[in-house]
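**Student:** Provided below for reference: sequence and predicted model.
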Amino acid sequence: MSAQNSTIVYAGLAAAPGRASGKAYVIRNVEDIMAVPAGSILVIRILHPHLAPLLPRVAGLVVEEGAILQHATTLARECGIPAAVGIRDACSLFQDGELLEVDGYTGEVTAKHVD
Amino acid sequence: MEVEGVTNIAHASPGSAEPYRRHILGLPLQRSLFGLTAEAATTIGLPGLSSELDFPARLDENGDLFLDRSQVAALTNALPAWFTPETLELIHTTHTAACDALVNASESAARVGASLDGAARKLSEDLANRMALVLAFGILTKFVPDVLLRALADAGDVEPPPFPEKSAGAELMQNTFALYQACCALNYAPQRLQHEWPRVSPEVFHLVSEFCNRQTGFGPLAWDSSGYEDPNYVVRLLHSAFDEVDAEQVRRRLSFAQRPPVTRSTDGVPAKIVALRRVLGFWLDFLERETWYARRAFYVGMVPLLQQLAAGYRQKIPAFQPADLLFLDIRELVAGIADPAVIDMRRHRYLENTEYLSLHGVDASRLASMLRSS
């Protein structure tokens, strides 16, 4: 993790290629899945298959779960959504509305803090 | 091919106070199935899994899952030496048979039903044992696919992992979008559908109900958390997924459906690599369906049996409700033991766990309504 000009980069695993940016939307309980903003970066502990229908409306995906062989990798690749997995404590690190950039080639997630 | 480590279980340690996952299951009936998984796992035939003590997972009273890192390490160390085309074929056969048997048992329990309590108990026991075996494979998916992937790399495979060409989640995505389009064609956009449900046109009501019947099984691991068996859940999800969304973008994202299947030639590829890829491919597909298998078995197979058993209990205990059975251990259910005081105590403890209930979106009416869904 490195900090520079209100920007913090978190290193994870590259799960699905592509780059995307948008506002974070953090799923903390099952009720949160009923209000996913279009174009958001979905931040979630594990992306279970039953949440797949939500994927077409999001721009990118950040997942806490650490392994590359997981639901999120499969689903994000199928839909062409940039995804980084293995971002430890992502659901605590990021806040709703925070600007995030997901690099699905490197697995890096950049949080841009607006002062 | 780049292989990443099994970082998701790196923090699970034996005897650790820190669970691998917190609050994953709350209902005593579902928790008790985990008690059967260790025994079921010994039938799988993996090296290092010869007794119940070898199984690396346990669930505590709070529904927290613990993984024993030393057992995981023992299993992951034992596996690679065992990977020959013959043994891989054996594990593939055992795994597919366990999944098929659970699906068949679920459908036949629903079809056959049981007019006698004894028969319902026997069917419940059979279904529970089959669920436990699939759950055991589910626990093993936390690390076996990574071991297979590493073995592929060690064997010289340079291809990407054999991810499913169309996963269970992708199929669900397509089917949900098709339901959205069908409802829109009948003038029920997601907002109207959610607002008016269940007082909608008979055609739309039928469409949603049929969808729920077909997709029952998709949903969270915890049965008490709503999933696709519940039309209210589906109607809300349609709103969340497709309201104010660019339909063209959704179609683009779903374009994998039009891609022709990729069939790679295996000419000249070493038999071990072919076998490893085949087995890993199945595990990756299973990874997308592991929750579906047990959840469908519960809603399609077990719920009608519980309804039947509850009717029997009501003859002895007039106030007995089907949801009371969710507070029994599977062994108690099979043996016909139901002490109202014990059930009350367990229900009280379950309802006191507000963190669990909030996490899983369980409200006061959920237990009764989940036993009406089938």
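**Tutor:** That came through fine.
**Student:** where in chain A is pLDDT low?
**Tutor:** A:1-5, A:114-115 (pLDDT under 70).
**Student:** the strand ranked longest in it pairs with which strands?
**Tutor:** Determined from DSSP state E, the single longest strand within chain A is strand A:19-26. Applying DSSP bridges, strand A:19-26 is found paired with strand A:41-44 (parallel), strand A:99-103 (antiparallel).
**Student:** helix or strand right after the last one?
**Tutor:** Translated: strand A:99-103. strand A:108-112 (DSSP states H and E).
**Student:** just the buried residues of that next one, please?
**Tutor:** Neighbour counts over strand A:108-112 (16 or more other CB atoms under 10 Å in any protein chain shown) mark A:Glu108, A:Val109, A:Ala111 as buried. No exception for glycine: its C-beta is placed from N, CA and C like everyone else's.
**Student:** dump those to CSV, plus distance to chain B.
**Tutor:** Output for these, formatted as CSV (distance: CB to the nearest CB, whole Å):
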residue, distance to chain B
A:Glu108, 15
A:Val109, 16
A:Ala111, 21
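**Student:** just the element for the residue nearest to the spatial centre of chain A, please.
**Tutor:** Residue closest to the average C-alpha location in chain A (CA atoms, centre = their mean): A:Val62, at 1.8 Å. Using DSSP H and E, A:Val62 falls within strand A:60-63.
**Student:** other SSEs contacting that strand?
**Tutor:** Where contact means 3 or more CB pairs under 8 Å, 6 or more residues apart in numbering or on different chains; DSSP states H and E, strand A:60-63 is packed against strand A:13-16, strand A:19-26, strand A:41-44, helix A:71-79, strand A:83-85, strand A:99-103.
**Student:** go through it and flag the buried ones.
**Tutor:** Those would be A:Gly60, A:Leu61, A:Val62, A:Val63, for strand A:60-63 by 16+ other CB under 10 Å.
**Student:** quick revisit: looking at the strands paired with strand A:19-26, which is buried most?
**Tutor:** strand A:41-44 (a mean of 28; mean count of other CB atoms under 10 Å in any protein chain shown).
**Student:** neighbours around the nearest residue to B:Asn77 once chain neighbours are set aside, how many?
**Tutor:** Spatially, and ignoring its direct neighbours in sequence, B:Asn77 is nearest to B:Gly48 (7.8 Å; CB to CB, 6 or more residues apart in numbering or on different chains). When neighbours are defined as other CB atoms under 10 Å in any protein chain shown, B:Gly48 has 16 of them.
**Student:** B:Gly48 and chain A, how far apart?
**Tutor:** 20 Å (CB to the nearest CB, to the nearest Å).
**Student:** quick check: phi and psi at that residue.
**Tutor:** phi 90, psi 0 (degrees, to the nearest 10).
**Student:** next up, the contacts around it.
**Tutor:** Counting by CB atoms under 8 Å, 6 or more residues apart in numbering or on different chains, B:Gly48 makes contact with B:Asp54, B:Ala74, B:Leu75, B:Asn77, B:Ala78, B:Leu79.
**Student:** next step: the residues you listed restricted to helices.
**Tutor:** In helices, judged by DSSP state H, the following of the contacts of B:Gly48 are found: B:Ala74, B:Leu75, B:Asn77, B:Ala78, B:Leu79.
**Student:** could you flag which of those residues are buried?
**Tutor:** Buried, going by 16+ other CB under 10 Å: B:Ala74, B:Leu75, B:Leu79, out of the ones in helices among the contacts of B:Gly48.
**Student:** I appreciate the help and will end here.
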